[in-house]
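Chemist: let's see this in three dimensions:
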Amino acid sequence: KYDYVFTEIEINGLINISRNEIKKYLKEYINKSIFLIPIYEISNDIKNNPWIESLTIKNDFKSKITINVKEFVPVAIYFDGVNYLLINDLGNLIDDTKEEKFRKLIILKGKNSSQYASNLIKEIPIELKSDIIEAHYINNRRWDLLTKKNLRILLPEINFTGAMNAFIDIYADIYSSNVS
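Modeler: Got it, this is the predicted structure:
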């Protein structure tokens, strides 16, 4: 009667999701037969969390369930006019944010900016990425970037990557000569 009872949960890979957020899906099955746990249903329920990129659940068929989580990494913060929302590399909203640890991410503004952010974020050269604080999506067609030095970079609609690389050449000269 006491063999094969679910008593142990192992959760790996959590960064921004609390352990309790995952455990709540298994709570009602503790001390019940390990064979009666609806792993597929639980997996689907957990995957509804917008932080979850991928998930595996393993049942050892003795007493333990192991959950391996891969969370999305926020790539930017989308400002919708009221809230600051984290977005992933697919442009999907993850969560609202007020946390200090995300302050280094670029803030996106403008209608549909979250939908087109992925391409922009991937194309920003590494030399420029840490200096950009905001990106404004203008008229559903192009971007303006705002740097920490309060420079506004007006990117063209076509070949904005080339424009950013040209800016880097100029930008390096401006900052190496300590122009304020």
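Chemist: tell me the confidence at residue 125?
Modeler: Listed pLDDT for residue 125 reads 88.
Chemist: contacts only, for it.
Modeler: By Cβ atoms under 8 Å, 6 or more residues apart in numbering, the contact list for residue 125 reads 164-165, 168. C-beta coordinates here come from the backbone N, C-alpha and C atoms, glycine included.
Chemist: likewise residue 103?
Modeler: Residues in contact with residue 103 (Cβ under 8 Å, 6+ apart): none are found.
Chemist: out of the contacts of residue 125, grab the one that's most surrounded.
Modeler: residue 164 (22 neighbours; other Cβ atoms under 10 Å).
Chemist: what's the average pLDDT for the strand or helix carrying that residue?
Modeler: According to DSSP states H and E, residue 164 maps onto helix 160-176. Mean pLDDT, computed over helix 160-176, is 79.
Chemist: how about that helix as CSV, C-alpha atoms only?
Modeler: The C-alpha coordinates for helix 160-176 follow below in CSV (Å, rounded to 0.1, in the frame of the first residue of the first chain):
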residue,chain,number,x,y,z
PHE,A,160,19.0,50.0,-40.4
THR,A,161,21.8,47.6,-39.6
GLY,A,162,24.1,49.4,-42.0
ALA,A,163,23.0,52.7,-40.5
MET,A,164,23.8,51.5,-37.0
ASN,A,165,27.3,50.3,-38.1
ALA,A,166,28.0,53.6,-39.7
PHE,A,167,26.9,55.3,-36.5
ILE,A,168,29.3,53.2,-34.5
ASP,A,169,32.2,54.5,-36.6
ILE,A,170,31.1,58.1,-35.9
TYR,A,171,30.2,57.3,-32.3
ALA,A,172,33.6,55.9,-31.6
ASP,A,173,35.3,59.0,-32.8
ILE,A,174,32.9,61.3,-30.8
TYR,A,175,33.5,59.5,-27.5
SER,A,176,37.2,58.9,-27.9
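Chemist: buried stuff in that helix?
Modeler: By neighbour count with 16 or more other Cβ atoms under 10 Å, helix 160-176 contains the buried residues 160, 163-164, 167, 171.
Chemist: cool, thanks, signing off.
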